[in-house]
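Visitor: Provide a 3D model corresponding to the input given below.
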Amino acid sequence: MNDQEKLELEEYITNRFVKQENVNDDESFLISWREWLKNYDAPEILNTKICPKRPVNFANPENITIEIYPSPAGNLPLIIFGDASDFENFIVNLFHKGIRPDNISQMGASFVYGKTQRFLVLSKKYYSNTPPEVVGLSPEEWREKSLILRREHECTHYYTKKFYGSASNNLHDELIADFIGVYYAFSCYNHVYFDYFMGIDGTHEGRLTLYTENLSDNVKKEIAELARRCSLSLEEWSKTERFTNMSKAERINYLCEAGIKTISKGRI
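Guide: Numbering: from 1, shown residues only. This next block holds a predicted model:
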């Protein structure tokens, strides 16, 4: 790489997580959610409380559930869609003013992080558009694992946003979120899954292209190699006694503070 490309790479892998001094732990927003869950079914909550300006005519309202999940960053409402079209239509109406974006079929989750309202929206689509045969599961088993993986992935983003002030579409954020997601979905971490999700296994174009789209080709190649090394390093780390003795929050903290360079060199 030339000097300009080296600077570009260095800028990209700079650790942007900064431990927040004053974290808002106020969960008073949950009072409304708990009241709604007592008095309304899930579709009614979505159309009258969350998205009243553009209510959705759900195709399969019986496959929508809402729960309050004890994430490592605190209790958080989860809106779960069993039907992909209902998920997409809700996302379009809530976030895009009813105008369907081109990439909506690629989306599987989203989260709202505000002062007075916070929640996750999850689908049961195959995670990262990965076919079930890649992970050696039946379609139904993979949908269930995908939901767990997606839930833990998004809760990790929520955690880093709350405690480190960042939740971005870049390698460091996605590496941590996918690691936590895969580990808690499968009770172990397999680097092969991450490599496939990111498209660094050489078989297809994966999510890493989205996180590096504005970079030069040589830098993209270097980041793909860093991602591969990080993934291998994380698999080895997940087998250590040190890792086993950590809580979920401690694992996220450690990876936030370690940074890409440290993780890629196996110094975790």
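
Visitor: ranges for the strands of the stretch 101-250 of the chain?
Guide: 109-113, 118-123 (DSSP state E, counting those that start in this stretch).

Visitor: Minimum distance to residue 169: which of the ones you listed has it?
Guide: In terms of Cβ to Cβ, the element of the strands of the stretch 101-250 of the chain nearest to residue 169 is strand 109-113, at 12.4 Å. Any C-beta I mention is one placed from the backbone N, CA and C, and that applies to glycine too.

Visitor: distance between that closest one and the chain's centre?
Guide: Counting by Cα atoms, centre = their mean, to the nearest Å, strand 109-113 is centred 9 Å from the centre of its parent chain.

Visitor: Tell me which residues of that strand come out buried.
Guide: By neighbour count on 16 or more other Cβ atoms under 10 Å, the buried set for strand 109-113 is 109-111.

Visitor: returning to what we had before: lowest mean pLDDT across the strands of the stretch 101-250 of the chain, which one is that?
Guide: Per-stretch mean pLDDT for the strands of the stretch 101-250 of the chain is lowest at strand 109-113 (a mean of 92).

Visitor: Tell me which residues are up against that strand.
Guide: Contacting residues not belonging to strand 109-113 are listed as 91, 95, 118-123, 150, 153-154, 157-158, 161-162, 167 [Cβ atoms under 8 Å, 6 or more residues apart in numbering].

Visitor: Put the alpha carbons of stretch 106-120 into PDB.
Guide: Output of stretch 106-120 as PDB, limited to C-alpha atoms (Å, rounded to 0.1, in the frame of the first residue of the first chain):
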ATOM      1  CA  GLN A 106     -31.500  -7.200   3.100                       C
ATOM      2  CA  MET A 107     -32.500  -5.800   6.500                       C
ATOM      3  CA  GLY A 108     -33.300  -8.100   9.400                       C
ATOM      4  CA  ALA A 109     -33.300  -5.800  12.400                       C
ATOM      5  CA  SER A 110     -33.300  -2.200  13.600                       C
ATOM      6  CA  PHE A 111     -33.200  -0.300  16.900                       C
ATOM      7  CA  VAL A 112     -34.500   2.900  18.300                       C
ATOM      8  CA  TYR A 113     -32.300   4.700  20.800                       C
ATOM      9  CA  GLY A 114     -33.700   7.900  22.100                       C
ATOM     10  CA  LYS A 115     -34.100   9.700  25.400                       C
ATOM     11  CA  THR A 116     -37.700   8.800  25.900                       C
ATOM     12  CA  GLN A 117     -38.000   5.600  23.800                       C
ATOM     13  CA  ARG A 118     -35.800   2.600  23.100                       C
ATOM     14  CA  PHE A 119     -36.600  -0.700  21.500                       C
ATOM     15  CA  LEU A 120     -35.400  -3.300  19.000                       C
END
